[in-house]
Structures are given as structure tokens and as C-alpha cells.
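*Asks:* Kindly generate the corresponding structure for this input.
(chains A, B and C)
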Amino acid sequence: MAIAEPPVVQAEPPPPPTRRSARAITWARRRRAVAAHWRVYRRNRQGMWGLAILLIFIALALAAPLLVDERRLEPAFSTGIPFQPPSADAWLGTDKFGRSMVDLLVYGARISLLVGFTATVGTMLIGSVVGIAAGYYGGRIDALLNAFTNWFLVLPWIVLAIVLASLLGATLFNIILVIAITSWAGTARLVRAQTLTVKERPYVERARALGAGDWHLITRHILPNVFPVIFANTVLTVALSILSETTLSILGLGDPNSVSWGVIIEESFSSGALTAGYWWWLIPPGVCIVLVTLAFTMCGYALDEILNPRLRER
Amino acid sequence: MTILTTRGLRVTYRTSGGDVPAVRGVDLTIGKGEVLGLAGESGCGKSTIAGAILRLLPASTKIEGQILLDGEDVLAMRPSRLRAVRWTGASIIFQGALHGLNPVQRVGDQIAEAITVHRQASEREAAVRVGELLEQVGLPSRRIADYPHELSGGQRQRVMIAMALACNPSLVIADEPTTALDVMVQAQVLRLLKGLQRELGLAMLFITHDLSVLVEVSDRLAIMYAGRIVEEGPAEGVFHDPRHPYTRALAAAFPEIGDERFRRRPSGLGGDPPDPQALPAGCTFHPRCPDAFDECRRVDPTLYPAGEGRRAACLLVQPTPAGAERAGDGQP
Amino acid sequence: MSAEAVPARDATASGEARAIIEVRGLEVGFEGRVGVLAGLLGRRGARARAVDGVDLDLYEGEVLALAGESGCGKTTTARAIMGLLRPQAGEIRFEGRPLGRRLRAYRREVQMVFQDPTGSLNPRKTIYEIVAEGLRIHRISQGPNGETEEELVARALSRAGLRPPERFYLLYPHELSGGQRQRVVIAGALVLDPRVIVADEPVSNLDASVRGEILALLMKLREELRISILVVTHDLGLAWTVADRVAVMYLGRIVEIGPAEEVLQRPRHPYTRALLDVVPEAGGIDRPILSGEPPDPTRVPNGCRFHPRCPAVASGRAARLGIEERCRTVPLAPLPAAQDHLVACYLAELGERP
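*Replies:* Coordinates of the predicted model:
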């Protein structure tokens, strides 16, 4: 029996004929997808404001060594007069060692953002591993990891953080570690839930039928589809990490050798800035913290709207 | 006596991507006790018609033409009149029975709600009526206190049917009422619907993509393509002796077992239904049509008479000498 | 790998048809749900026997349809054959050898086409990546005749009717129509040059007018590449258009199997008869049909599994023939795998028609 050729199905619009390697083509396509996302993001006013504020702070943090002589931050080398209100010399006044508040804030941005980003990476790492393992493998592993996650979730984080921070000692690395350990549980929950839905998608079964192993399924199918959902959450986590660092520092658990915004506030408290009326010592770092967390939150919500299309209509 | 008439019905959705003409001039009539089967593929506009009749479409949607329900223009009704007409004049049975039912309310209460909202019947009267309705749709009366999740898919669809009948509407619109159901349950629900329709003398608009289901329940068939009706006529005639090439392709997707023409010979149409925002010139079906000729690219056919009580929008049935000649060639 | 067309051969007509897949005594069960704590303690829920003793052969180059209501075990059987489920008992042999540890190699030879083409394509991958995935999983960088990966992908796409293939490389699944997506799924299977395709309701999610094209494509693959095809379907009309043989399942067992013409035109099991009666057609609305809900695999009845719904038992015909007692109490043995028309029914044993 002669069978006719299947009809030619035309795809439209035809992209220009290219003979590049398939991988190059794929990357070109991905770049285009990112560009498309950026076009949507650009239209989101809230997201753009957040991004602008963030970029300013990130630029300050990166350029800090160029803008400020680091030695001037050492109390011993400080040349300024203590407790100066804002003036032409020191735009935002000085602290008890006579250090310029502007210098402190610029370096503080460096520390605060560093803590925020690295703690977030830690949070995401722990959260994703636990969440994917629980969601993907299911059964007893899930029951066990889920119980573990819930335990961390219901534990008042501040208590755990204080205990851990005082046990481990006040170094910057330990602060980051403490923040990551106390905040991964929410991420794990989110990742687990998303993994559970993605795992049931027929394309995962199709890949399994093709002969794919767990590693292939997790890295090629689960992760790429879980990631966009947790990406927006990641940005929000940075804001939370910065706030956590501030909280710990104000409680006196921060690293005294690295001047973060939280440490500045803590020093102002302990030096009685509040009663003495040294407002310039207290308010500027507070404003910085509010601005940066707000900016991250704004970016996070904007990303959430773009990456999770179901929210777009809301 | 006609229950429903639409004249020149056009429905245009307004979206951020521009206007989408979903229905482009549809005339339908359904008489008392008559079942009209409306067939077509996803996106052809058949469900939009159902939504337009009950004015269930988004407020921004532009609806033109006339929709006469029991002689009254639905499009000219005030909101209060419209609310009264919904369910008492015309009711609708949706596809997914799970979504149509409130998951946290007992099914008996949901049926009673449809009655009390519209007829101001007392709760006692409503309860009696709910009992009758459940019996009519073949559900044991003890199911009255069940929640939707305690029922099977077929039973939930029976509840939906009871709700649709609650206010004695003159028209029932069934929009893919059995699509999500298993073969055996689908047959049960179809028999139930057909039995009730006969018993109550209902007018019914039955919408589905499954032509074989339609031919079982309908008196007349209307086939839609790209927002228009391309063929209509008595159900069996349209199904067994289609005049429009599109109907022929649809019918081939539901072969009769034992028909040697289809044995080991699946056939379908190449290509896909057109984008409503970029319809082809001439006959909208010509890019997929196996019988298309030059004129089809230019002439947009209207519904031509095609035998007793039948019409088809195809140049091959156009009553001109040229068309008549070609009609012979056009048969498979 | 050869693109040459192999002459078509009706597998069932020839006496020495060779089984490429043999299923013997297959049993697959599912556990009911239990609470988290109970799960940790190792407690289990009620067991449903989705597949309960299935023997089945798939011959080289044939199209076998596996039909039945939802919950009859047809999809579970297909998934067990694919190695996606672990059977509780029984054996699956590919070319005479049990699967055992050869699962990975087996998965190159046996490919699956799914019901929902939209869901079975990862929305974040391009068509090229999707079709090439099988090659990458099996670490195939070259075809047997030195073809590059791109050449293999291009060939698979054009065999699936997506031509010219380069135009599809960059597209994402959402940019294709339903029929095109199913062709991509088929291309993803063809790229590994399989001997067998298991198609689970391959057209039920597609628009009616494109169904025939997808089925025609499957038929063409069988003709030209001699791929054996197992089609799981609830639609006996579809079985009529494509299948050489039909197996009808009820509650985890095959109740009737044989050449399509025989089973569909001269059914011998009352259940097959009932399934045929509900295929919609003009005038069919007044035919009597089975009442009640689809059977529950957690509660398998005694005797013949179909007896609670069997019209012959209900009408007293079984009693008049003196088999009712057996229908109600004596379980039937599972049907063996064979080429003939076989029926698991006491009525049919007497030579009676349903």
C-alpha cells in the first residue's frame, strides 16, 4: 500500500535560515527570551524604581575603596571631631570616634549587601537541596525532610539565631551562616511544593520514558521549571537577610570589626545617641536599610509578576 | 414555535492584542422540543455563542446582531430582566462539573439555591422540587446531603443537569457536557439528557467537538469554522453525506465501526484552524481544503442551499452551472 | 538506522509473526493513601489491583489496540511495559530476553507517545532541545552512518511531518499548534530509532480534524520503518481505523483479544459488546446500555469480574444456560497470549454470542 507523504506543516514566521550549530542557536534564542523579559520588566514602574535604587547602592558598595580611604574608618586613625552634626566637612556628621558618617555608610553598604547576597545564596542552596530532595523522592525522605523543615519553620528564628550567633562567635562569616541556617525553611517549602507540581508534568514522564535518570530529570526539567518561581523569592530573601543582619547587629551579635549599617545603629544606641540627640548617627543608616530592603522588595514583586504569569492579571 | 433565534450575531473580544472576532455573523433558530447540535473545533466560536446567549461574556466584549429568546431580545435587556431570564428562560450545563459546583456546599443546597433565587419559592417547596429533580436525573435522594467531591464525575454531571432544569427553562444550552466523562458514563449521561429533553419538550443547544455524539442527540446540526456556520441541516444527512469538505473531515474523525472506508485508513486535515485575527482571504477554509480551487482564494462563500433543509458555505455547492459541475469532482 | 521503506506485512495474517514484546503474568498494584505519620511508621493503604494477571504479545510490525474504560488497567499496563512502573509480579521480555537490568538500552528501543502533547513538552526548551533530548540522555553524538546530532534531529522532525525541520529548531512548544506538538513528541521518539512505540491515547487531546493526520503518521511509521505500535485508547472507532488486533481490558484483565475485524464486528464477550454499544452513532441513543459506575479496582468481585454488570447474568440468560453459579463464584483464568481470537467468558465457552 502506497502511503502519501504527510503534508508539510509550515511553521511561521520563518526565522532567517541559519547554519550555526544548534547550541549557538539555542543560546541566541535564550538571549532573545531574556530580552523579552527585560522589555516586560522595563514597563513595570515599581520594578524600575527598585532597580535604580539598588544599582546606586551596589555602585557605592563596589566603588567604596575608591571613594573612601579605608584607614579613616579605624578609630585610631580617625582625624575628625567626635559627635559633629552635619556640616560642609562631614555632610552627615561624625560618630564618637570622629569618623564621617558618609564614609561609614558607604562601607556599610558594602558589608550589608555582602551579607545579604551571600546569606541568600546559602539560604537558596540549603532550601533548594532540601526542597527538591523532599519533593522529588517523596515517601519517607519527604516525610523526614518535611518534618525537619517544619521544625525550623515554627522555631522562633530570632531565638535560634541568638543562640547560634553567641555559640559560634561574632564574625561576619558566622553571621552569614546563622542567617542561612535560620531562613532556609521557607524556601525549602516553596521549592518542595513547586517540585511536586513539576514532577507530575507529563514532560518529566516523557523524559523518564526516554531513559533519563534522576540527575538528568532534576537538572534539566525540575530545576529550570522551579527556578523562575523561586527567583523572585530569592530577591525578597536578600531584603530579609539584610534585615536579619541588622537585627543581630543591633542586638550586639554583629561582627564589631566590620561596619555594617546594623553595627552603626548598635554603636549609636550603646553610645546614647538617642538621649544625646545625635540624630545623624541613627537616622541615615536606618534610611539606608529601609531603602535597600524596599528596593529589593519592589524588584522581587516585579519579577514575581513577570515570571509567574498567573499573577500578571491581578 | 421558535425558542431561540440569532440574527447576524457577531461577537468580538477586546484584548490587549487587539480585537478578536470570535463569531462573525451567525443565524440560528431552535424550535420548541428541538435539539440543535453545534459542532466545531476549539476556537471556532461555538462556546462564545453559548456565552453570548446568556450574556456571560466579559463586559468589554462587543456583541452585535440579535439574540431573541422567547421573542425577547437578550441584548436589549436590563440587568434585572437578564438575571431573571438566566436560568428561568435559558440555563447552561458546562463541561467541567467539578468547577461548576461549589465544593463546600451540599449538592442539594446548590440545586435549591437555583430555585429560591429565581422563584422565591419557600425552602420547603424548594426541598420537594430538589427531590423531584434528583429523581429525574437518576440520583438516589440520599445524595442530597453529599458534597460534590463525594460524587463521581457522572453523578456530578447529573447534579449539573438537575440544576439546569431547576427553573423549568425553555432552552437548555449544553456546552461539552460529556467531554470529560468516560465512555460508558458519557453514554449514560447522553441518554439521560436526551430522555429529559424528549419528556419535557425542551429546546436544546448542544455544543461539542464530537460529531458522533451530536448526531446521536440532535435533530439538526450546524458546523462552525472560524466564527461562521459552514454547513447546517438535518443531523443524519449532514453526518453521513456532508456537503462541506470541512464537515467531511470532521465526520471522518468519528468513523463507524464496520465501515470499510475507514479501516486502516485514518484521514484528517493538514494545517490548523486559522488565527481569528488573521483570517485567510476568500473562503476561510481554503488553505486546509483538499478540494480548493482558484476561486476559493477570492470568493468568501455564504450559505448556499444544498438539498432539502440544508445549506453549505462552499463554492462547490453554489447553485451555478460552474459550481454544479465542480460539485461532482469535489466528492471524495 | 535505515531510511529505506520496508515492505508492509500484515503481522497477524502471517503464521510466523514474531513477538517483539512479551508480557507474562503482569500484576501492578497501587497503594491507597495514608497519613504522614502512618507513612513514616510504614503503614500502607488499601491496595488496588490495577493490572491483575495480563499476558500479551506485541508482534513485529503490528498495531495492537488496548481498549477499555478508565480504570480498567490499560494505561497501567502500557506504563509497566515502558518500565515506568514496577510490577508486583510477572515479566516483560523484549526480543525474548527479560528486561531486568537492560532497562536503559530497552528505552532506546521502546518509545512512548503521550496523551497530552502540550504537557509532555517542557515549556522552557526549544523544539531542537526537546527532540535532541533522547540522544543526549543516551549519549549518542553520532548516528550509525556518521550523522551529526543536527542531522539526526532534522531527520526525526521531517519523518514526523515537520518540514523543513530547521524552521522548528528555535521555536518553543507554545508557538506550535496541538497537532504540531504531538508531531514533536513523535519526533522525539523517532530520533532514537525505536522498534516499538507505545501511544497512550495519542489523539484524544487533539482537535478532531487533525486526529486523522496523527494516526496516519503512526500508520506510516509502521509501514515504512516497521515500528510496532501499542495504542492505548478508550475509542473503539480509533481501533477500527488503525489496529490490526484489539485487546479489551476490564478490571485489570484482558477479557477479549483478537484480530480487529473479529473483535469489533463479531464480539464474543458481553463487555466488548457493551463498549461497542456506547460508540455514538445515528440512532444509537435508544440502545440499552450498562448502568452503574466504572468498576473499582480495590474491590474485585468474585467469579467473573464482569458478572455484577453483565447483561447475560442480569437478564437470567446465564441462569437458563446453567452457568450463573459459575459466573458468580468461579474465577476465570487469565487469557494466554496468542494470535487467535480469545474470550474470557463462560457464555462464550458454550459458543453463545453475547
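*Asks:* And for residue B:42, the neighbour number?
*Replies:* 13 (other Cβ atoms under 10 Å in any protein chain shown). C-beta: built from backbone N, CA, C; applies to glycine.
*Asks:* nearest residue to it other than its sequence neighbours?
*Replies:* Nearest residue to residue B:42, sequence neighbours excluded (Cβ to Cβ, 6 or more residues apart in numbering or on different chains): residue C:207, at 5.8 Å.
*Asks:* Please give the element, helix or strand, for residue B:207.
*Replies:* When elements are assigned from DSSP states H and E, residue B:207 belongs to strand B:203-208.
*Asks:* could you check whether that strand is close to chain C?
*Replies:* No - Strand B:203-208 lies apart from chain C when judged by Cβ under 8 Å from any Cβ of the partner chain; the minimum separation is 9.8 Å.
*Asks:* Next, name the residue at the spatial heart of chain C.
*Replies:* A centroid search over chain C (Cα atoms, centre = their mean) returns residue C:232, at 3.0 Å, as the residue closest to the centre.
*Asks:* Tell me how far the helix or strand containing that one lies from the chain's centre.
*Replies:* With elements delineated by DSSP H and E, residue C:232 resides in strand C:228-233, which encompasses its position. Its chain's average C-alpha position is 4 Å from that of strand C:228-233, according to Cα atoms, centre = their mean, to the nearest Å.
*Asks:* how about whatever helix or strand comes next after that strand as CSV, C-alpha atoms only?
*Replies:* The helix or strand immediately downstream of strand C:228-233 is helix C:236-242, counting by DSSP H and E. Written as CSV, here are the backbone C-alpha positions of helix C:236-242 (Å, rounded to 0.1, in the frame of the first residue of the first chain):
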residue,chain,number,x,y,z
LEU,C,236,-13.1,1.7,19.6
GLY,C,237,-13.6,3.7,16.4
LEU,C,238,-10.0,4.6,16.6
ALA,C,239,-9.1,1.0,17.0
TRP,C,240,-11.1,0.3,13.8
THR,C,241,-9.1,2.9,11.8
VAL,C,242,-5.6,1.8,12.9
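*Asks:* Is helix C:236-242 in proximity to chain A?
*Replies:* No - in terms of Cβ under 8 Å from any Cβ, no part of helix C:236-242 sits within range of chain A; the closest distance is 12.8 Å.
*Asks:* Now for the residue of the stretch 1-150 of chain C found nearest chain B, how many residues are close by?
*Replies:* Each residue of the stretch 1-150 of chain C has a distance to chain B, by Cβ to the nearest Cβ, and the smallest belongs to residue C:70, at 4.7 Å. Residue C:70 sits with 15 neighbouring residues when counted by other Cβ under 10 Å.
*Asks:* residues touching it, list them.
*Replies:* Applying Cβ atoms under 8 Å, 6 or more residues apart in numbering or on different chains, one finds that residue C:70 lies in contact with B:182, C:234, C:294.
*Asks:* Could you tell me which residues make contact with the second one?
*Replies:* In other words, residue C:234. By Cβ under 8 Å, 6+ apart, residue C:234 lies in contact with B:182-183, C:67-70, C:201, C:204.
*Asks:* Among those residues, name the ones in helices.
*Replies:* Taking DSSP state H, the ones among these that sit in helices are residue B:183.
*Asks:* neighbour-wise, which of the contacts of residue C:234 leads?
*Replies:* In terms of neighbour count, residue C:68 stands highest of these at 30 neighbours, by other Cβ under 10 Å.
*Asks:* ok, the residue nearest to residue B:42 touching residue B:225?
*Replies:* No - with contact defined as Cβ atoms under 8 Å, residue C:207 does not count as touching residue B:225 (11.4 Å).
*Asks:* more crowded one of the two?
*Replies:* Neighbours of residue C:207 and residue B:225, each counted by other Cβ under 10 Å, are more numerous for residue B:225; the result is 25 against 22.
*Asks:* Across the sheet, point out what pairs with the more buried one.
*Replies:* Using DSSP bridges, the bridge partners assigned to residue B:225 are residue B:228.
*Asks:* Distance from the chain centre to the helix or strand hosting residue B:115, please.
*Replies:* For residue B:115, the element it lies in under DSSP H and E is helix B:107-119. Remark: helix B:107-119 is offset 25 Å from the chain centroid, using Cα atoms, centre = their mean.
*Asks:* Let me see the mean pLDDT of it.
*Replies:* The average pLDDT for helix B:107-119 rounds to 84.
*Asks:* do the same with stretch C:106-114
*Replies:* The predicted model assigns stretch C:106-114 a mean pLDDT of 92.
*Asks:* next one: stretch A:165-177
*Replies:* Averaged over stretch A:165-177, pLDDT sits at 87.
*Asks:* repeat for stretch B:14-30
*Replies:* Rounded to a whole number, the mean pLDDT of stretch B:14-30 is 91.
*Asks:* hmm, who's touching that stretch?
*Replies:* Here stretch B:14-30 makes contact (Cβ under 8 Å, 6+ apart) with B:2-13, B:36, B:38, B:45, B:48-49, B:52, B:60-62, B:65, B:171, B:203-205, B:222, B:224, B:226-229, B:276-277, B:279.
*Asks:* And the strands in the chain, which stretches?
*Replies:* Picking chain A for this. Shown for chain A, no strands are assigned by DSSP state E.
*Asks:* Chain C, not that one
*Replies:* The residue ranges that make up the strands of chain C, judged by DSSP E, are C:19-31, C:47-59, C:63-67, C:89-94, C:97-98, C:110-113, C:196-200, C:228-233, C:245-250, C:253-259, C:342-343.
*Asks:* Noted, bye for now.
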